[in-house]
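Peer 1: Could you look at this predicted model? Sequence included:
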Amino acid sequence: MSQIATVVYAFGILGLFVLDRDRRGQTSIALWLPVVWLLINGSRPVSVWLQIGPPASADLYLEGSPLDRSIYLALLAIGVMVLLWRPAAVVRFFRANPWIVLFVSYCAISVSWSDYPDVAFKRWIKSVSDIVMVVIVLTEAQRSCAIRRVLARTAFVLVPISVLLIKYYPDMARYYSRWEGKQFVSGVAEDKNMLGMTCLVFGLGAVWQLVGAWRTQKGWDRTRRLIAHGTILAMVFWLLWMANSMTSLSCLILAASLIVATSAGGVVRKPAVVHLMVAAIVGVAFSVLFLDIGVSALEAIGRNPTLTGRTEIWRVLLQVDGNPVFGTGFESFWLGERLEKLWNMGNLLNGLNQSHNGYLEVYLNLGCIGLALLAILIVTGYRNVIAALRRDPQTGALRLGFFVAAVIYSFTEAAFKIMSPIWIALLLAIAAVPEPPTSEATPPLDIYQFNQRADGKPKPADDRPCCT
C-alpha cells in the first residue's frame with residue numbers, strides 16, 4: 001500500500017508543479033540553489049535521511065557530519081559564484097543593509113571568545129550561506145516572481161511528502177516523547193516544532209499566492225493556481241493539527257489575516273492602520289503569553305501559564321554562568337561541558353538544544369550587545385517592510401506577514417538561528433532592496449510576446465504576466 005501511495009503522491013507533486021507553471025515569468029536557474037537550501041533546512045540534514053549521522057549526544061553538536069558539511073560548503077561556493085556574476089546588484093544590496101552586515105560581523109567577532117571557536121566559525125559560515133541564498137533571490141530581475149517560485153517549489157515537495165510519511169511511513173515520521181511517552185508527528189522534519197515552523201513559513205506563502213491568484217482575471221490560469229496553493233494550505237492545516245503545533249498554527253492565522261488585510265489597496269494607503277494592526281497582533285500575543293492576560297486563550301491552544309514548562313526553562317538558563325554583555329560566542333551556548341551539565345539537571349532540560357525563546361537565545365550566545373543589534377535590525381527591518389508595502393503592496397504583504405510571524409513565533413521558540421526557515425523568511429522580509437539605476441535596469445520583457453497566444457492570436461488586454 002505504501003508503494004502505491006508513494007507513486008500517487010509523486011504524480012500529485014508533479015501535478016502541483018504543472019498547475020502552478022508560469023512560462024511568462026523569467027527567473028534564472030540559480031534560483032534552484034535557495035530551493036535546495038530550504039528543502040534541506042526545512043526538513044532534515046542529508047546525513048539523517050541516509051541514516052549515517054553521528055549518534056545523538058552532546059558531542060553531536062561539536063562533531064557534525066562530514067557529508068552535511070560538504071553539501072553546505074558546495075551550495076555556498078556555488079551561491080558565491082552566482083553573486084560574483086551580479087556584482088553591481090550585490091554591492092547595492094549590502095550598502096542598503098548596513099545593519100544586517102553589522103549583525104553578521106558582530107557574530108563573526110564573537111567566534112573569538114567562544115569555548116569552541118572552530119565549531120562557532122563553521123556555524124558562522126552556515127549563517128553566511130543563509131544570507132547568500134536570500135541575496136540570490138532578491139537580486140533576481142523579477143523579485144516577486146523569484147520569491148513566489150522559491151516558496152512554491154519548496155512547498156510542493158516538503159508539504160505533500162510530510163503527509164505521505166505520516167500516513168504511510170510512520171516509522172520515519174512519528175516519534176515518542178522521552179518523558180511522557182506520547183506520540184508526536186514530525187513529517188519531513190526532525191520533530192514537531194520543526195515541522196510547525198516549516199508549515200508556518202510555507203503556509204504563509206500559500207496564503208499569499210492564493211490572495212494574488214484570487215485578484216487576477218477569472219479563467220483557467222487563476223483556477224489552476226487556486227487549486228495548487230489551496231491544496232498546499234489544506235495540507236498545512238492538517239499537518240499543524242496532527243502535530244498539535246499550536247504556536248505555529250496561531251502565528252499562521254494571525255500573520256495570514258494581516259496578509260489578506262494589507263493586500264487591499266485601501267489599507268496600504270493608510271500607514272496608521274497598518275501600524276495599528278501590527279501593534280495589536282504583537283501586543284495581544286505578548287500579553288497573553290507573558291502578562292497573564294487571557295489565560296483562557298492559552299488553555300484554548302493547549303498551553304498552561306508555564307507555557308508547557310518554558311518559563312521554568314528560561315529561569316534556569318538565566319542562572320547559567322555566562323557573559324551578559326558579550327555572551328558565550330556565536331551559536332556556542334549549547335556546546336560541550338555546558339550542554340552536558342544542562343542535560344544532567346533533570347528531565348526538563350534533558351535533550352534540550354534551544355531555549356524556546358528567540359530573544360533569550362540571542363542573549364545567551366551574543367549577550368546584551370547582540371540583543372541590542374537584533375532589536376535595531378528588527379526596527380529598521382520593519383521600516384523597510386513598510387516601505388516595500390507602499391511601493392509594492394503584493395510582495396509587501398508577504399514581507400509584513402513573515403515579519404510579524406517571526407517576531408511572535410520567537411516568543412516561545414528559538415527562531416533566530418542559522419538555517420532556520422523562519423530566520424530565512426525574516427531576512428527576506430526585512431532586507432532593503434534598492435532599485436538599479438536606470439542605466440543598469442534590466443530591459444523590459446517583450447510585451448508583444450506576452451500578448452500573443454501560441455496560435456499567434458492576441459491575448460486579452462488583462463492577461464498580463466503574474467510575476468511583475
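Peer 2: Thanks, I have it.
Peer 1: okay, CA-based contacts and neighbour counts for the rest of this
Peer 2: Noted.
Peer 1: now the nearest residue to Val46 once chain neighbours are set aside, what's its secondary structure?
Peer 2: Spatially, and ignoring its direct neighbours in sequence, Val46 is nearest to Asp68 (6.2 Å; Cα to Cα, 6 or more residues apart in numbering). Of the three states, Asp68 takes helix according to DSSP: H, G, I helix; E, B strand; the rest coil.
Peer 1: hang on, Asp68 packs against Pro45?
Peer 2: Yes. With the criterion set as Cα atoms under 8 Å, Asp68 and Pro45 qualify as a contacting pair; they are 6.5 Å apart.
Peer 1: From Ala415, how far out is Glu361?
Peer 2: Here the criterion is Cα to Cα, to the nearest Å. By it, Glu361 lies 9 Å from Ala415.
Peer 1: what's the burial count for the residue nearest to Val46?
Peer 2: Neighbouring residues of Asp68 were enumerated by other Cα atoms under 10 Å; the total is 16.
Peer 1: Contact partners for it?
Peer 2: With Cα atoms under 8 Å, 6 or more residues apart in numbering as the criterion, the residues that contact Asp68 are 45-47.
Peer 1: Flag every buried residue along stretch 121-138.
Peer 2: 121, 123-124, 126-138 (16 or more other Cα atoms under 10 Å).
Peer 1: Just those residues: which are in helices?
Peer 2: Of the buried residues of stretch 121-138, the ones assigned to helices by DSSP state H are 121, 123-124, 126-138.
Peer 1: wait, which of the residues you listed is closest to Arg224?
Peer 2: The closest of those to Arg224 turns out to be Val137 (Cα to Cα; 24.8 Å).
Peer 1: which residues touch the closest one?
Peer 2: Contacts of Val137 were listed using Cα under 8 Å, 6+ apart, and they are 31, 34, 143, 146-147.
Peer 1: closest to Leu335 among those residues?
Peer 2: Sorting those by how near they are to Leu335, with Cα to Cα, puts Pro34 at the top with 28.3 Å.
Peer 1: So for the closest residue to that closest one other than its chain neighbours, what pLDDT did the model give?
Peer 2: Residue nearest to Pro34 in three dimensions, not counting chain neighbours: Met133, with 5.1 Å by Cα to Cα, 6+ apart. As summarised for this prediction, Met133 has a pLDDT of 97.
Peer 1: Same question for Thr306.
Peer 2: With respect to pLDDT, Thr306 scores 63.
Peer 1: swap in the one 3 residues further on?
Peer 2: The confidence metric pLDDT takes the value 77 at Gly309.
Peer 1: Same check on Ser355?
Peer 2: Predicted confidence (pLDDT) at Ser355: the value is 89.
Peer 1: Please give the element, helix or strand, for the nearest residue to it once chain neighbours are set aside.
Peer 2: The shortest distance from Ser355 to any non-neighbouring residue, by Cα to Cα, 6+ apart, is to Glu361 (5.9 Å). Taking DSSP states H and E as the definition, Glu361 sits inside helix 358-391.
Peer 1: which secondary structure elements does that helix contact?
Peer 2: Under the contact criterion of 3 or more Cα pairs under 8 Å, 6 or more residues apart in numbering; DSSP states H and E, helix 358-391 touches helix 98-110, helix 393-409, helix 421-430.
Peer 1: Check which residues of it are buried.
Peer 2: 358-371, 373-374, 377-378, 380-382, 384-386, 388-390.
Peer 1: cool, and stretch 215-228?
Peer 2: Neighbour-count burial for stretch 215-228, with 16+ other Cα under 10 Å as criterion, is recorded at 221-226, 228.
Peer 1: Extract the C-alpha trace of that stretch and format it as PDB.
Peer 2: Presented in PDB, the C-alpha positions along stretch 215-228 are these (Å, rounded to 0.1, in the frame of the first residue of the first chain):
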ATOM      1  CA  ARG A 215      -7.200  39.100  -7.500                       C
ATOM      2  CA  THR A 216      -6.400  38.100 -11.100                       C
ATOM      3  CA  GLN A 217      -8.800  37.800 -14.000                       C
ATOM      4  CA  LYS A 218     -11.100  34.800 -13.900                       C
ATOM      5  CA  GLY A 219     -10.100  31.900 -16.000                       C
ATOM      6  CA  TRP A 220      -8.300  28.600 -16.100                       C
ATOM      7  CA  ASP A 221      -5.000  30.300 -15.200                       C
ATOM      8  CA  ARG A 222      -6.400  31.600 -11.900                       C
ATOM      9  CA  THR A 223      -8.300  28.300 -11.200                       C
ATOM     10  CA  ARG A 224      -5.300  26.100 -11.500                       C
ATOM     11  CA  ARG A 225      -3.200  28.300  -9.200                       C
ATOM     12  CA  LEU A 226      -6.000  28.400  -6.700                       C
ATOM     13  CA  ILE A 227      -6.200  24.600  -6.800                       C
ATOM     14  CA  ALA A 228      -2.400  24.200  -6.400                       C
END
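Peer 1: pLDDT on it, on average?
Peer 2: Model confidence over stretch 215-228 averages 89 on the pLDDT scale.
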